[in-house]
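K.L.:
let's see this in three dimensions:
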Amino acid sequence: MKLFYSHPELSIFASTLCLSGYYTIMKRFKEHSMIMFFWLHIISYTTFALLFLHKDKAFVFDTEALEQLIFNTSYNNVLLYILASLCLVGTYQIFQLLIQKYEMFAILALSQISVIFSTIGYILLGDDVSLVSIIGIIIIALGALIAGSNNLFWKSPIKTIKNYDTYLLKYTCINGLLTTCIALITYLCTTEYSDITRSILHTLTKYTHFIPFVALSPIHFNIGAEFSNIIIMLLFITYYTHKQKLILPILKNHIIFFIIMGILYTMHAFLYYSAFDFIENKNIISAITSLALPITMITSHYYADIKVSQNQIIGMTVITLGSIVSIWI
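P.N.:
Numbering: from 1, shown residues only. Sure, this is the predicted structure:
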């Protein structure tokens with residue numbers, strides 16, 4: 001762990017590897033993906049809550065530690081947690097809608113368009129983003145468009161753009177905006193060194209009176225966010241999809257896969273948020289995380305016998321190039 005703390009970029013890359021394994025297994029759950037996400041967030045929250053209690057040298061039934069867990073991590077910023085959770089459920093619902101009609105690679109690839117939106121948001125919140133990093137992000141977005149297209153991009157780029165699936169692109173852009181909202185809330189609630197973020201948090205606290213908005217450590221923020229995710233997702237499954245009776249049977253029928261995915265997702269979240277506080281340029285985090293897609297493509301092709309199109313190969317190559325430009329140049 002000392003290596004990850006001294007080199008947070010390695011921590012993000014390790015979280016990206018976990019995310020790739022998570023993506024590979026996620027292909028099995030198309031019809032009930034919302035319930036799958038619900039259980040993964042329960043596993044993640046339970047793990048992080050236990051780590052919080054252990055870190056404070058407290059037992060589960062220690063009243064003071066539980067009060068800190070509830071009020072310091074879950075009550076502070078609760079309105080922002082709810083907003084982020086609603087956006088998260090929106091992204092899951094869009095994924096559920098698109099996965100019935102399109103290949104998973106096309107959906108995941110086009111989701112990288114959100115790096116453009118999030119970069120603009122980071123700049124507005126005071127993050128120092130270099131010109132080279134912006135160029136790298138644009139290259140990543142271009143690779144996402146190539147990987148998500150049906151026509152052979154290298155033969156006719158103009159025809160590819162004209163004949164692009166507008167339905168897929170529209171929902172992907174909506175998904176990108178929702179993802180950006182989550183990213184900016186995370187940035188706002190975990191960044192202390194920015195005068196802009198401090199001013200926004202102070203203003204929110206001033207006008208809500210009874211709910212404090214404060215900058216937390218990334219790990220503590222994740223605990224509060226995961227608790228909100230679980231509540232909002234449970235309400236959504238119960239009152240919107242009316243599939244609450246399937247929650248336990250689906251877990252029982254796929255318990256091994258849930259355990260593996262839960263471990264990968266939790267490790268990804270832990271490594272990601274552990275490094276979030278040490279990397280000042282949040283754009284680098286987006287760039288490294290984008291590498292999860294090329295890695296997923298390789299592992300899915302060789303270990304799950306998933307066919308990969310020429311466009312996807314070209315697009316993933318461009319995404320990798322854009323990530324390298326953003327990170328190392």
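
K.L.:
could I get the buried residue list for the host helix or strand of Ile120?
P.N.:
Element membership of Ile120 [criterion: DSSP states H and E] is helix 114-124. Buried residues in helix 114-124, counted by 16 or more other CB atoms under 10 Å: Ser114, Val115, Ile116, Phe117, Ser118, Thr119, Gly121, Tyr122. The C-beta positions use only the backbone N, C-alpha and C, and glycine is treated the same way.

K.L.:
also stretch 167-181?
P.N.:
Leu168, Tyr171, Thr172, Asn175, Gly176, Leu177, Leu178, Thr179, Thr180, Cys181.

K.L.:
quick check: the farthest pair among the residues you listed?
P.N.:
In the buried residues of stretch 167-181, two members sit farther apart than any others by CB to CB. They are Leu168 and Cys181, at 20.6 Å.

K.L.:
re earlier: which one of the buried residues of helix 114-124 is nearest Ile200?
P.N.:
Gly121 (12.2 Å).

K.L.:
quick one on the thing from earlier: and the helix holding Ile120, average pLDDT?
P.N.:
Summarised as a single mean, pLDDT over helix 114-124 is 83.

K.L.:
what's the angle from the next helix or strand after it to helix 114-124?
P.N.:
As assigned by DSSP H and E, the chain's next helix or strand after helix 114-124 is helix 131-147. Interaxial angle, helix 131-147 versus helix 114-124 (axes from the mean of the first three to the mean of the last three CA atoms, to 10 degrees): 160 degrees.

K.L.:
can you tell me what sits against helix 131-147?
P.N.:
Helix 131-147 has contacts (CB atoms under 8 Å, 6 or more residues apart in numbering) with 105-106, 109-113, 115-116, 119, 153, 160, 164, 281, 283-284, 286-287, 290, 293, 311-312, 314-327, 329.

K.L.:
which element is the residue lying closest to Ile230 once chain neighbours are set aside on?
P.N.:
Distances taken as CB to CB, 6 or more residues apart in numbering place His41 nearest to Ile230, at 5.3 Å, with adjacent residues excluded. According to DSSP H and E, His41 maps onto helix 33-55.

K.L.:
tell me what that helix is packed against?
P.N.:
Packed against helix 33-55 by the contact rule (3 or more CB pairs under 8 Å, 6 or more residues apart in numbering; DSSP states H and E) you find helix 63-67, helix 78-99, helix 218-236, helix 247-253, helix 255-276.

K.L.:
okay, the ones you listed, which one's buried deepest?
P.N.:
helix 218-236 (a mean of 22; mean count of other CB atoms under 10 Å).

K.L.:
and the contacts of that one?
P.N.:
34, 37-38, 41-42, 44-45, 48-49, 51-52, 69, 72-78, 81-82, 84-86, 88-89, 92-93, 186, 189-190, 216, 244, 269-270, 273-274, 276-277.

K.L.:
helices or strands up against the longest helix seen in the chain?
P.N.:
Taking DSSP state H as the criterion, the chain has its longest helix at helix 166-190. Identification of packing neighbours for helix 166-190 by 3+ CB pairs under 8 Å, 6+ apart yields helix 78-99, helix 104-110, helix 114-124, helix 195-208, helix 218-236, helix 282-290.

K.L.:
could you export those as a markdown table, including distance to Thr16?
P.N.:
What follows is these, written out as a markdown table (distance: least, CB to CB, whole Å):
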| stretch | distance to Thr16 |
| --- | --- |
| helix 78-99 | 19 |
| helix 104-110 | 13 |
| helix 114-124 | 14 |
| helix 195-208 | 25 |
| helix 218-236 | 16 |
| helix 282-290 | 6 |
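
K.L.:
of all these, which one is nearest Ser130?
P.N.:
helix 282-290 (8.3 Å).

K.L.:
return the helix holding Ile120 as CSV; C-alpha atoms alone will do.
P.N.:
Extracted in CSV, the C-alpha atoms of helix 114-124 (Å, rounded to 0.1, in the frame of the first residue of the first chain):
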residue,chain,number,x,y,z
SER,A,114,-18.1,12.1,-20.6
VAL,A,115,-14.4,13.0,-20.2
ILE,A,116,-15.1,16.1,-22.3
PHE,A,117,-17.9,17.2,-20.1
SER,A,118,-16.1,16.4,-16.8
THR,A,119,-12.9,18.2,-18.0
ILE,A,120,-14.9,21.4,-18.6
GLY,A,121,-16.5,21.0,-15.2
TYR,A,122,-13.1,20.5,-13.5
ILE,A,123,-11.8,23.6,-15.1
LEU,A,124,-14.8,25.6,-13.9
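
K.L.:
in the helix holding His41, what's buried?
P.N.:
In helix 33-55, counting by 16+ other CB under 10 Å, buried: 33-45, 47-49, 52-53.

K.L.:
tell me the angle it makes with helix 218-236.
P.N.:
140 degrees.

K.L.:
what does helix 33-55 rub up against?
P.N.:
Against helix 33-55 from outside (CB under 8 Å, 6+ apart): 26, 29, 59-60, 62, 65-66, 69, 73, 92-93, 95-96, 99, 219-220, 222-223, 226-227, 229-230, 233-234, 236-237, 241, 243, 246-247, 250-251, 254, 258, 261-262, 265-266, 269-270.
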